[in-house]
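>>> coordinates for the following, if possible.
(chains A and B, ligands or ions: 2)
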Number of protein chains: 2
Amino acid sequence: MKNSSPSFNALLASVPHIASPDQMQRHMSDMSGYEGAMPAVVFRPVSTEQVSAIVKTCVAENRKITIQGGLTGLAGGACADAGDVVISLESMNRVEEIDTIGGVAIVQAGVILENLCHAVQQEDWYFPLDFGSRGSCLIGGNVSTNAGGNKVLRYGTTRDLVLGMEVVLPDGTILNMLNRVIKNNTGLDLKHLFIGTEGRLGIITRLSLRLFPNPQTRATALVALDSFDHVTRMLKEARSALPDLSSFEVMWQSYLVQAALHANKELPFEGSYPIYVLLEIEGADKDTFHDGFHAFLEFLIESEIGRDVIVPQTLEQADSLWQIRDAIGEILRSIRPYVAFDIGIPLKHMPAFIEQVTAVLEKEYPQAINLLFGHLGDGNLHLTTGKLQEKEIFAVEELVYQTASGFGGSISAEHGIGRIKKPFLKYSRSREELDLMSAIKNLINPRDIFNAGRIVD
Amino acid sequence: MKNSSPSFNALLASVPHIASPDQMQRHMSDMSGYEGAMPAVVFRPVSTEQVSAIVKTCVAENRKITIQGGLTGLAGGACADAGDVVISLESMNRVEEIDTIGGVAIVQAGVILENLCHAVQQEDWYFPLDFGSRGSCLIGGNVSTNAGGNKVLRYGTTRDLVLGMEVVLPDGTILNMLNRVIKNNTGLDLKHLFIGTEGRLGIITRLSLRLFPNPQTRATALVALDSFDHVTRMLKEARSALPDLSSFEVMWQSYLVQAALHANKELPFEGSYPIYVLLEIEGADKDTFHDGFHAFLEFLIESEIGRDVIVPQTLEQADSLWQIRDAIGEILRSIRPYVAFDIGIPLKHMPAFIEQVTAVLEKEYPQAINLLFGHLGDGNLHLTTGKLQEKEIFAVEELVYQTASGFGGSISAEHGIGRIKKPFLKYSRSREELDLMSAIKNLINPRDIFNAGRIVD
Ligand SMILES: Cc1cc2nc3c(=O)[nH]c(=O)nc-3n(C[C@H](O)[C@H](O)[C@H](O)COP(=O)(O)OP(=O)(O)OC[C@H]3O[C@@H](n4cnc5c(N)ncnc54)[C@H](O)[C@@H]3O)c2cc1C
Ligand SMILES: Cc1cc2nc3c(=O)[nH]c(=O)nc-3n(C[C@H](O)[C@H](O)[C@H](O)COP(=O)(O)OP(=O)(O)OC[C@H]3O[C@@H](n4cnc5c(N)ncnc54)[C@H](O)[C@@H]3O)c2cc1C
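Ligands and ions are numbered 1, 2, ... in the order given. Alright, predicted model coming up:
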């Protein structure tokens, strides 16, 4: 076997990097709360060839690599182990091409999500991925975690936005699959090995992404309802009547109250209702756009699916509703230590799941409050429980994941497994699935060079 | 190793099957024109356990298996080799559950597509997969080939409609991944190993599928345009203005003339134009639906993107336009032997590709006619070339695939690789991709028990 990899010293001489503990501090951990350790060096390559060279050298010298994007992940996947070689994609930040005929962007994996969205918008196209960490997460990190967000209902998860990619494998091989066509049935679609697998199988270095027409206008409403059953009826009607539907966010009463408090907002309705839906449509600016939306809201009230509706008259009023929806960060700070769950539950089992799990939580942990909200259009429920005592946390996690599993749910709808949820993966995946996942991991990343200790061994 | 598999004779005693050459005749080949051979037996299992038992016995007795759905495939994947054990899914034809709250169907893999669509519609939901072979293809075959069709623009390919599946692996293991939630980020999403891989890695036995609100109305129009450039501008405007857009089918003039002739229809326009778009929207029945469509068509003419428009006034008139679009079967019968290509080309390279490839074809094969049409919204171009001489066919394929490859195209947007396109796979996938595909094939199906000789070795 020919060993064509540069020595470690040659790498240090040619690839941008940082090695001082002070500067490397911020490369120890992501936003999950998992405590990482000090790496040996943080490489910041500027090209795919540099990434490949680093990997080849690490293989030859038997060193472990931790891959890092914007470090906003919530599963501990980007946290370094002591002495790791870190490869940070942050300097591979070029938008290489925006194809305004086909609606395709070719980018390096280290572009910040928000920058990508702006660059695309300047060409009058739209990249619809959007969530709180948009200003610091990197598109390669989004793909590696298959991030969701506020508009999945309309545009799908990140997986659905990826046409193709370039990947460096754990032996340093560069796999160019920068496909630009939407339909391509030529055998195994290899990109799915790398989407949502959090760096376990390869380093994503470039991407071709699907763009959408740039919506020219938005409309928002907050609807109050009597029960979860009314919410599922509203969801079906909304999907049918509003082809422009982009968000369908549900908040239970106790969440709304806490969120308004922490966001420093008045409660939107005078009365109190069990459950609320924040609805948004986005599309072309034409007369029929707002007419259709108002007709739908009237229908909701007339058919008694909805009890009351607020339609903001200004952009500020609409923003204010979204600020309530997004106040979770502030709430969490006030209930430490907490567990913030991100689970998927089939809609038809959602009421039974909630009843069962909150009954046990209220009985066993009476001092904690349980708040519920979620991207209900996607079956994605956020449940946050706190204050807890540190020693109670594992048992609460076990309880919720086990219950979710009993209802055919997923222990992670969005945030991934990483290190944090690895002990609970068995609640979402069968023995046979775990075996097959490990077998593929062992085929592609046999010596655990990439992201050792995450997801499966 | 414990061998718990039944003997072949025990299988024959317990699993429904046919073994007479007369009855097995129709199980030799699919619709690709590839000539299969006589299998040893055709099993028609009624349960996943029976499928697993057959596989275990074949492993123990070292026999090869060909997997069959509705035998409508166009790549030769379902064609048997002499002496094969055939597993036909056609008797696993139960729609097990339609979840009308979450919009999910749980079905066995042998349900005929059209039957599935009807069953779903009876519950006032919608399964949007649709194409010519709907009356005989099976949903498991659709998933194995990641079929496309007329509504990909709106709903995606079959891949996007699959929430989860149950699969029997080449060692007989049953992998239950009947997930019902839309978002599930718990490690490698294993279902993508089996979607579009044409039975090379597993036998799909059951599926959970995503349903959509049942559209209550449709509107259709045929638009005449001056150039392909006008078509791409129209596509962007249509995607932006018509959230209900479900089909965007393009026909070049020579295709329209041939198709009208073979479908026994008058030419729709008095004048002749270089290119046409058949446009369809489907959605909720409200006043704004047709108003928005007509406003868009007016805009097309006013902005001079479109030259002329036909809006059918009756369902029959609309059907008649679709019959022209769908007359390809009749055309092909008249130009045998032919090659029918199904390629994906990035929109921005489409004009150059067409110019280059038709110039060579017209020069080298002056006696053949070249017809162009396609699901242009998806970058999917159908090119049919005939009459050719049998001995010219391979060279024509080589020419077209090589040219497509030069423009970053795919040699199969819809129909797959199977046996027929295996020699040309290298034009769509790099050496590194083929190696990784083979490695995964060898990991999961090491002894080539399933569908030997298809896609990659
Ligand atoms: C305020 C806030 C809001 C959020 N909201 C949402 C939300 O609504 N929906 C949602 O889904 N998520 C949400 N997240 C979590 C989300 O996963 C991340 O924000 C984002 O997708 C991660 O990107 P990153 O670049 O920061 O990745 P990192 O945290 O750096 O890495 C994440 C994982 O991917 C791996 N990785 C990173 N880059 C690459 C690469 N190029 N190749 C291979 N592997 C790589 C890492 O090793 C790690 O395992 C939120 C996070 C925060 C802090
Ligand atoms: C008139 C006509 C129109 C068509 N139009 C379109 C179109 O618009 N778009 C499009 O994409 N395709 C189209 N096709 C081709 C399309 O691929 C098939 O019609 C359909 O998807 C195949 O389903 P089937 O059940 O007939 O599969 P088969 O032909 O029986 O099998 C196809 C492949 O899948 C494998 N397979 C079948 N079932 C299983 C299973 N349960 N598990 C694992 N492997 C399995 C087989 O081994 C084979 O390799 C058309 C075909 C015809 C004849």
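>>> now residue A:221, what are its backbone angles?
phi -150, psi 150 (degrees, to the nearest 10).
>>> any idea how many residues pack against it?
21 (other C-beta atoms under 10 Å in any protein chain shown). For glycine as for every other residue, the C-beta is placed from the backbone atoms N, C-alpha and C.
>>> dig out what it forms beta bridges with.
Under DSSP bridges, the beta-bridge partners of residue A:221 are residue A:279.
>>> mind checking how far it is from chain B?
The gap separating residue A:221 from chain B is 17 Å, by C-beta to the nearest C-beta, to the nearest Å.
>>> hmm, that residue is touching residue A:310, no?
Yes - contact criterion C-beta atoms under 8 Å: residue A:221 and residue A:310 qualify, at 6.6 Å.
>>> name the SS class of residue A:4, please.
coil (DSSP: H, G, I helix; E, B strand; the rest coil).
>>> mind showing which ranges of chain A have poor pLDDT?
A:1-3 (pLDDT under 70).
>>> show me what the helix or strand hosting residue A:206 pairs with in its sheet, parallel or antiparallel.
Per DSSP states H and E, residue A:206 falls inside strand A:203-210. Here strand A:203-210 is paired, per DSSP bridges, with strand A:104-108 (antiparallel), strand A:162-168 (antiparallel).
>>> what residues does that strand touch?
With contacts defined as C-beta atoms under 8 Å, 6 or more residues apart in numbering or on different chains, strand A:203-210 is touched by A:48, A:51, A:55, A:67, A:87, A:89, A:92, A:96, A:103-109, A:116, A:127, A:139-140, A:143-144, A:160-168, A:174, A:178-180, A:182, A:194, A:450.
>>> now, of those residues, which are buried?
A:48, A:51, A:55, A:67, A:87, A:89, A:92, A:103-109, A:116, A:127, A:139-140, A:143-144, A:161-168, A:174, A:178-180, A:182, A:194, A:450 (16 or more other C-beta atoms under 10 Å in any protein chain shown).
>>> which among those residues are in contact with ligand 1?
A:67, A:89, A:109, A:140, A:144 (C-beta under 6 Å from any ligand atom).
>>> quickly note the distance from the second one to chain B.
Plainly put, residue A:89 is 20 Å away from chain B if you go by C-beta to the nearest C-beta.
>>> now swap in the third one and tell me
The gap separating residue A:109 from chain B is 18 Å, by C-beta to the nearest C-beta.
>>> residues touching the residue lying closest to that residue once chain neighbours are set aside, list them.
Among residues not flanking residue A:109 along the chain, residue A:140 sits closest, at 2.8 Å (C-beta to C-beta, 6 or more residues apart in numbering or on different chains). Residue A:140 sits next to A:69, A:89, A:92, A:109, A:110, A:204, A:205, A:207 when contact means C-beta under 8 Å, 6+ apart.
>>> what about 10 Å?
A:67-70, A:89-90, A:92, A:107-111, A:165, A:194, A:199, A:203-207 (C-beta atoms under 10 Å, 6 or more residues apart in numbering or on different chains).
>>> which element is it on?
Short version, using DSSP H and E: residue A:140 is in helix A:139-144.
>>> try residue A:281
strand A:275-283.
>>> report the distance from that strand to the chain centre.
20 Å (C-alpha atoms, centre = their mean, to the nearest Å).
>>> again with stretch A:248-256
Relative to its chain's centre, stretch A:248-256 lies at 20 Å (C-alpha atoms, centre = their mean).
>>> mind listing what's buried in that stretch?
A:248, A:249, A:250, A:251, A:252, A:255, A:256.
>>> what do you get for stretch A:116-130?
Result for stretch A:116-130 [16+ other C-beta under 10 Å]: buried residues A:116, A:117, A:119, A:120, A:125, A:126, A:127, A:128, A:129, A:130.
>>> in strands, which of these appear?
A:125, A:126 (DSSP state E).
>>> closest to residue B:154 out of the buried residues of stretch A:116-130?
Relative to residue B:154, the closest of the buried residues of stretch A:116-130 is residue A:128; by C-beta to C-beta it sits at 15.6 Å.
>>> any idea how far the closest one is from residue A:211?
9 Å (C-beta to C-beta, to the nearest Å).
>>> what helix or strand is residue A:42 on?
Judged by DSSP H and E, residue A:42 forms part of strand A:41-43.
>>> okay, now the sheet partners of that strand, with direction.
In the sheet, strand A:41-43 lines up with strand A:17-18 (antiparallel), strand A:85-88 (parallel) (DSSP bridges).
>>> on that earlier part again, shared neighbours of residue A:221 and residue A:310, which are they?
In contact with both residue A:221 and residue A:310: A:278, A:297, A:321, using C-beta under 10 Å, 6+ apart.
>>> which element is the closest residue to the second one other than its chain neighbours on?
Beyond its immediate neighbours in the sequence, the residue positioned closest to residue A:297 (C-beta to C-beta, 6+ apart) is residue A:309, lying 5.1 Å away. Taking DSSP H and E as the definition, one finds residue A:309 inside strand A:308-310.
>>> elements contacting that strand?
strand A:217-225, strand A:275-283, helix A:287-302 (3 or more C-beta pairs under 10 Å, 6 or more residues apart in numbering or on different chains; DSSP states H and E).
>>> can you tell me what sits against it?
The contact list for strand A:308-310 (C-beta under 10 Å, 6+ apart) reads A:220-225, A:268-271, A:273, A:276-279, A:294, A:297-298, A:300-301, A:317, A:321.
>>> which among those residues end up buried?
A:220-225, A:268, A:273, A:276-279, A:297, A:300, A:321.
>>> which residues are in contact with both of residue A:128 and residue A:211?
By C-beta under 10 Å, 6+ apart, the residues touching both residue A:128 and residue A:211 are A:120, A:161.
>>> give me the neighbour count for the closest residue to residue A:288 other than its chain neighbours.
Among residues not flanking residue A:288 along the chain, residue B:288 sits closest, at 4.1 Å (C-beta to C-beta, 6+ apart). Close neighbours of residue B:288, defined as other C-beta under 10 Å, add up to 17.
>>> returning to what we had before: looking at the shared contacts of residue A:221 and residue A:310, which is nearest residue A:241?
Using C-beta to C-beta, the shared contacts of residue A:221 and residue A:310 come closest to residue A:241 at residue A:297, 10.2 Å.
>>> right, and that closest one touches residue A:291 too?
No - between residue A:297 and residue A:291 there is no contact under C-beta atoms under 10 Å: 11.0 Å.
>>> where's the residue nearest the centre of chain A, which helix or strand?
By C-alpha atoms, centre = their mean, chain A has its centre lying nearest to residue A:147, at 2.8 Å. Assessed by DSSP H and E, residue A:147 sits outside every helix and strand.
>>> can you check residue A:448 too?
Assigned by DSSP H and E, residue A:448 belongs to no helix or strand.
>>> quick check: the gap between it and ligand 1.
13 Å (C-beta to the nearest ligand atom, to the nearest Å).
>>> sec struct for the nearest residue to residue A:154 once chain neighbours are set aside, please.
Leaving aside its sequence neighbours, residue A:154 sits nearest to residue A:246 (C-beta to C-beta, 6+ apart; 4.4 Å). When classified by three-state DSSP, residue A:246 comes out as strand.
>>> my guess is residue A:246 contacts residue A:278. True?
No - contact between residue A:246 and residue A:278 fails when scored by C-beta under 10 Å: they sit 11.3 Å apart.
>>> show me what contacts the residue of the stretch 101-250 of chain A at minimum distance from ligand 2?
Per C-beta to the nearest ligand atom, residue A:185 is where the stretch 101-250 of chain A lies closest to ligand 2, at 7.3 Å. In this structure, residue A:185 makes contact with B:75, B:145-148, B:157-159, B:195-198, B:342, B:344, B:410-417, B:421, B:428, judged by C-beta under 10 Å, 6+ apart.
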